[in-house]
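Asker: the sequence isn't on hand, but the structure is:
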């Protein structure tokens, strides 16, 4: 893969993480306990992103024929895996806390409003803490991936290719956009040779 392709793939992964984080920030925070179905969906989304990052590493290492730019991409993806795993853990903790409150705590204290309120506050604090931790992790991962993508896009190989393209565009022999390159100039036909007067009379 070219450095440009590698950089675009890193940018795409960073954008996926940003979109997920945007939705996570919109979730209810304590004292309100957020929707279990929404949080479960985002846990699944983050797990899918993490698996995709793992696959990027696996495929490049299995192939074993990547260039220097591919090596940089592998390093960027590999560095992203541990914090992504931590973020999955944080969201998983929030999911478990919501499930425990909905199916255990609330039914047990449904007739005791003061205990239920206290339990909801406790659950909300734990869930909010998990969301904030995941938010910080995901923002850092997305920033790091974007930085790596920028370095790949500015790599010597990419710069050389860009310089070559610019030099070709500036060349006087380069064809204009939408026009084919002119072929070699056709030399003019030689002028007919002058006939000697004496020769003309003898014909």
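Answerer: That came through fine. Keep in mind that this is a model prediction, so the values were computed, not measured.
Asker: output the below-cut-off pLDDT ranges for this structure.
Answerer: 1, 64-67, 155-203 (pLDDT under 70).
Asker: so where does the residue sitting nearest the centre point of the chain fall, helix or strand?
Answerer: The residue lying closest to the centre of the chain (C-alpha atoms, centre = their mean) is residue 12, at 1.9 Å. Taking DSSP states H and E as the definition, residue 12 sits inside helix 3-25.
Asker: which strands and helices sit next to the helix or strand following that helix?
Answerer: Stepping forward along the backbone from helix 3-25, the first helix or strand reached (DSSP H and E) is helix 36-63. In this structure, helix 36-63 packs against helix 3-25, helix 68-100, with contacts taken as 3 or more C-beta pairs under 8 Å, 6 or more residues apart in numbering; DSSP states H and E. All C-beta spots, glycine's among them, are computed from the backbone N, C-alpha and C.
Asker: can I get those helices in JSON lines with distance to residue 145?
Answerer: Converted to JSON lines, the helices and strands packed on helix 36-63 look like this (distance: least, C-beta to C-beta, whole Å):
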{"stretch": "helix 3-25", "distance to residue 145": "4"}
{"stretch": "helix 68-100", "distance to residue 145": "6"}
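Asker: any idea how far the residue nearest to the centre of the chain is from residue 91?
Answerer: Going from residue 12 to residue 91 by C-beta to C-beta, to the nearest Å gives 21 Å.
Asker: and the longest helix for the chain?
Answerer: Among the elements of type helix in the chain, defined by DSSP state H, the one spanning the most residues is helix 113-153.
Asker: now it against helix 36-63, angle please.
Answerer: Relative orientation of helix 113-153 with respect to helix 36-63: 30 degrees, computed using axes from the mean of the first three to the mean of the last three C-alpha atoms, to 10 degrees.
Asker: what is helix 113-153 packed up against?
Answerer: Under the contact criterion of 3+ C-beta pairs under 8 Å, 6+ apart, helix 113-153 touches helix 3-25, helix 68-100, helix 106-108.
Asker: now render those as TSV, adding distance to residue 39.
Answerer: Rendered in TSV, the data for the helices and strands packed on helix 113-153 read as follows (distance: least, C-beta to C-beta, whole Å):
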stretch	distance to residue 39
helix 3-25	9
helix 68-100	5
helix 106-108	16
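Asker: relative to residue 153, which of the ones you listed is closest?
Answerer: Across the helices and strands packed on helix 113-153, residue 153 has its closest neighbour in helix 3-25 (4.2 Å, C-beta to C-beta).
Asker: neighbours of the closest residue to residue 91 other than its chain neighbours, just the number please.
Answerer: The shortest distance from residue 91 to any residue other than its chain neighbours is 4.7 Å, reached at residue 43 (C-beta to C-beta, 6 or more residues apart in numbering). Here the count is done by other C-beta atoms under 10 Å, and residue 43 has 19 residues near it.
Asker: residues contacting the residue lying closest to residue 148 once chain neighbours are set aside?
Answerer: On the basis of C-beta to C-beta, 6+ apart, the spatially nearest residue to residue 148 that is not a chain neighbour turns out to be residue 76, at 3.7 Å. Taking C-beta atoms under 8 Å, 6 or more residues apart in numbering as the definition of contact, the neighbours of residue 76 are 10, 144, 145, 148, 149.
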